[in-house]
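Asks: please find the sequence and the predicted model below.
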Amino acid sequence: MNSSREKLAATLFKRYEHNPILTADIWPYPINSVFNPAAVKINGQVLLLNRVEELCGFSHLTCARSNDGLTGWVIDKKPTMKADQSNKEEKWGLEDPRAVWLEEQKQYAITYVSFSEGGPVVSLAITKNFHTFARLGGLLPPEDKDACLFPRRFNGRFALIHRPIVRGEAHIWLSLSPDLKHWGDHRVLLRTRHAYWDASRVGLACQPIELPEGWLMLYHGVRTTTSSQLYRIGVALLDLEEPWHVLRRSEEWVLGPKERYERIGDVNDVTFVSGAVVMEEKNQLYAYYGAADDKVAVAMADMDLLREYIMACPEVTE
């Protein structure tokens, strides 16, 4: 037990006082819910690419833009990216995007879940402007979710964090590719931990964030209780040049269901971070999350305290 580290973990992320920031009742067309957004900076604005659940139960993706990342959201008047019915893997919709800027390609890479009777598949799309998209299709076989690319190559290869289900187990994996088409060197990156808050399932939260100490990886952990599944957020630190090596991992969660908008919704007790941006002028990380699977909220963490916390977390020796 480390009481000072635990105290820091409990106060690291501060919820925006006017949460939730996006809800179905402000949407420009009829929907059931909005949640689990990707987040990037573009043209001086914060852009959220949100998962939007339609009244039939299928999902698509729609952009919302804000000058400060908190207020004044301008939402696309119609779906930004809908399922392409010529792609069988997208038959039942698009879910849970993550996005990252690929400096080499000068484009954004969007990884999202394509859903059909074949199971969830991680798919990839490329865009420069979030108006037009080039879809590159599925990357790996189902069942797979919670994926994002790193913003640069490692020894000439792209790296993908993702979460396949293998023998009913849900661990975080990392795979490598020379061309974004052919994937190999698959390895488990982060496992569930028996009896911990992340005992049942783990998955990537937002895109990896580069720090001087390594890659900051926020991840969600699930613990199954008698009444629900609790989705909370933890952190890990990956090696800067060999991100398949985990350097540190939090024992505590740093964000979990607490407020009413996180406790009650379409799926109770969920804080599901899926996008983040670094606000350099404030030295803060804005972490955007789906709250109870039917609204979008944001929590902020001071970057210096975030680095202090992750460096106080136990080293991983496995």
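Replies: Looks like it came in fine.
Asks: and the helix or strand hosting Arg307, C-alpha only, in CSV?
Replies: Per DSSP states H and E: Arg307 is located in helix 303-312. Only the C-alpha atoms of helix 303-312 are listed here, as CSV (Å, rounded to 0.1, in the frame of the first residue of the first chain):
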residue,chain,number,x,y,z
MET,A,303,0.2,16.7,-17.0
ASP,A,304,2.9,17.1,-14.3
LEU,A,305,0.8,15.3,-11.7
LEU,A,306,0.0,12.6,-14.3
ARG,A,307,3.7,12.0,-14.9
GLU,A,308,4.4,12.0,-11.2
TYR,A,309,1.7,9.5,-10.6
ILE,A,310,2.7,7.0,-13.3
MET,A,311,6.3,7.2,-12.2
ALA,A,312,5.2,6.3,-8.6
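Asks: can you list the helices and strands that that helix packs against?
Replies: When contacts are defined as 3 or more C-beta pairs under 8 Å, 6 or more residues apart in numbering; DSSP states H and E, helix 303-312 packs onto helix 3-11, strand 229-238, strand 284-291. For every residue, glycine as well, the C-beta is placed using N, CA and C.
Asks: mind putting those into a markdown table with mean pLDDT and distance to Asn19?
Replies: Shown next, in a markdown table, are the helices and strands packed on helix 303-312 (pLDDT from 0 to 100; distance: least, C-beta to C-beta, whole Å):
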| stretch | mean pLDDT | distance to Asn19 |
| --- | --- | --- |
| helix 3-11 | 94 | 17 |
| strand 229-238 | 98 | 15 |
| strand 284-291 | 99 | 7 |
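Asks: among the ones you listed, which comes closest to Lys91?
Replies: strand 284-291 (22.8 Å; C-beta to C-beta).
Asks: contacting residues for Ala83?
Replies: Phe58, His60, Glu90, Lys91, Trp92, Gly93, Leu94, Ser114 (C-beta atoms under 8 Å, 6 or more residues apart in numbering).
Asks: selecting buried members of these in PyMOL, what would you type?
Replies: If you want just the buried ones from the contacts of Ala83 in PyMOL, going by 16 or more other C-beta atoms under 10 Å, the selection is:
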select buried, resi 58+60+90+92+93+94+114
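Asks: quick check: the farthest pair among the contacts of Ala83?
Replies: Among the contacts of Ala83, His60 and Lys91 lie farthest apart (C-beta to C-beta), at 12.8 Å.
Asks: with that, I have no additional questions.
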